[in-house]
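*Asks:* just coords:
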């Protein structure tokens, strides 16, 4: 009886992995920033689009990657945001206080939970990686939008005079679908 249960569970897990793998592109293309303030190269999925933007008064530079077509939940995004230290208004100006500022801003979301927070390294530099859970609107332009669970992964590091925030945000139900894509994008960062 235990062997049958083990066999059924094993087959079920294999089927789930194969089905989930079919929906996510594993082909990537290279992104190289046009804006010199962003100053990165990384892989991103072949069938995704991207958009580079600047904040008012050049307060930040950002590139956002998002899926198109059937893959898009409407709120799936991965982004790299770069802030020059001279435009960051926190003290003391350290990686730890920058991360605490991000967490303070996320407290505006309902039911914020810090699922994990750890020191790590990226590009040979000190970095802090976090995973968060909270509730946010499922649609930012519809009047009848509902609060749904979201998940977000954030990796923050400082290079030169700039703070880099690399993040993945998605409704929690969709989050596992692109988590591996995000991990690949972070590892490919140069």
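*Replies:* Ah, there it is. Not measured: the values here are computed from a predicted model.

*Asks:* okay, CA-based contacts and neighbour counts for the rest of this
*Replies:* OK.

*Asks:* the strands in the protein, which residues?
*Replies:* All strands of the chain, identified by DSSP state E, fall at 28-32, 41-45, 48-54, 61-67, 77-84, 110-122, 125-137, 147-159, 162-171.

*Asks:* ok, which of these comes nearest residue 185?
*Replies:* strand 41-45 (5.4 Å; Cα to Cα).

*Asks:* ok, back up a step: need the strands of the chain in CSV (columns: distance to residue 182, mean neighbour count and mean pLDDT).
*Replies:* Shown next, in CSV, are these (distance: least, Cα to Cα, whole Å; neighbours: other Cα atoms under 10 Å; pLDDT from 0 to 100):
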stretch, distance to residue 182, mean neighbour count, mean pLDDT
strand 28-32, 12, 14, 98
strand 41-45, 9, 20, 97
strand 48-54, 13, 14, 96
strand 61-67, 10, 20, 96
strand 77-84, 7, 21, 97
strand 110-122, 14, 14, 97
strand 125-137, 13, 18, 96
strand 147-159, 9, 20, 96
strand 162-171, 7, 22, 97
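
*Asks:* now the ones you listed as JSON lines including distance to residue 96?
*Replies:* Below are the strands of the chain laid out as JSON lines (distance: least, Cα to Cα, whole Å):
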{"stretch": "strand 28-32", "distance to residue 96": "28"}
{"stretch": "strand 41-45", "distance to residue 96": "25"}
{"stretch": "strand 48-54", "distance to residue 96": "24"}
{"stretch": "strand 61-67", "distance to residue 96": "21"}
{"stretch": "strand 77-84", "distance to residue 96": "15"}
{"stretch": "strand 110-122", "distance to residue 96": "10"}
{"stretch": "strand 125-137", "distance to residue 96": "8"}
{"stretch": "strand 147-159", "distance to residue 96": "9"}
{"stretch": "strand 162-171", "distance to residue 96": "11"}
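
*Asks:* how about those, which one is nearest residue 189?
*Replies:* Across the strands of the chain, closest to residue 189 is strand 41-45 (Cα to Cα), at 4.5 Å.

*Asks:* just want the angle from the closest one to strand 48-54.
*Replies:* Counting by axes from the mean of the first three to the mean of the last three Cα atoms, to 10 degrees, strand 41-45 lies at 140 degrees to strand 48-54.

*Asks:* and strand 41-45, what does it pack against?
*Replies:* Strand 41-45 sits against strand 28-32, helix 175-188, with contacts defined as 3 or more Cα pairs under 8 Å, 6 or more residues apart in numbering; DSSP states H and E.

*Asks:* ok, back up a step: to residue 94, which of the strands of the chain lies closest?
*Replies:* Checking these against residue 94 by Cα to Cα gives strand 147-159 as the closest, at 8.7 Å.

*Asks:* partners of the closest one, with directions?
*Replies:* strand 125-137 (antiparallel), strand 162-171 (antiparallel) (DSSP bridges).
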